[in-house]
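> For reference, the sequence and a predicted model appear below.
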Amino acid sequence: MSVYRLTYVMDSGIHGKGLFAKEDIVINTYLGEYEGPVAKRNGSHVLWVFDDDKVVGRSGKNKLRYLNHCRECSAEFDGFELYSACDIKAGEEITINYGEDWDDID
């Protein structure tokens, strides 16, 4: 299974475009890898990951760049790999928690 088979992009009620489930997804399902070139500074669609003692960023180029923030997120990253954090119903938006700096946003 991959991000392309399990998900689609459409307008989001949270912000701009969002990533949605094409079918029911069970907890701990691998959803895909955040792909893109190394990011040297912050910006739209940049994902920062702590890798040992350094921070590495990627500028997203696949559908995962459309993940929106929600405190009660339905997916989480392990490095640059995304997994469902709960069962997700077909048609539901898949969200991640951007971090505590974003907690007052939603």
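Structure's in. What do you need?

> what are the ranges of the helices in this protein?
Assigned by DSSP state H, the chain shows helices spanning 3-6.

> Would you mind stating the distance between the residue nearest to residue 76 when sequence neighbours are not counted and residue 25?
Leaving aside its sequence neighbours, residue 76 sits nearest to residue 85 (C-beta to C-beta, 6 or more residues apart in numbering; 4.7 Å). The C-beta positions use only the backbone N, C-alpha and C, and glycine is treated the same way. According to C-beta to C-beta, to the nearest Å, residue 85 stands 10 Å off from residue 25.

> quick one: which of those two has more around it?
Between residue 85 and residue 25, residue 25 has the larger neighbour count (other C-beta atoms under 10 Å), namely 24 against 19.

> Surely that one and residue 6 touch.
Yes. With contacts counted by C-beta atoms under 8 Å, residue 25 reaches residue 6, the gap being 6.1 Å.

> joint contacts of those two?
residue 31 (C-beta atoms under 8 Å, 6 or more residues apart in numbering).

> Understood, closing this out.
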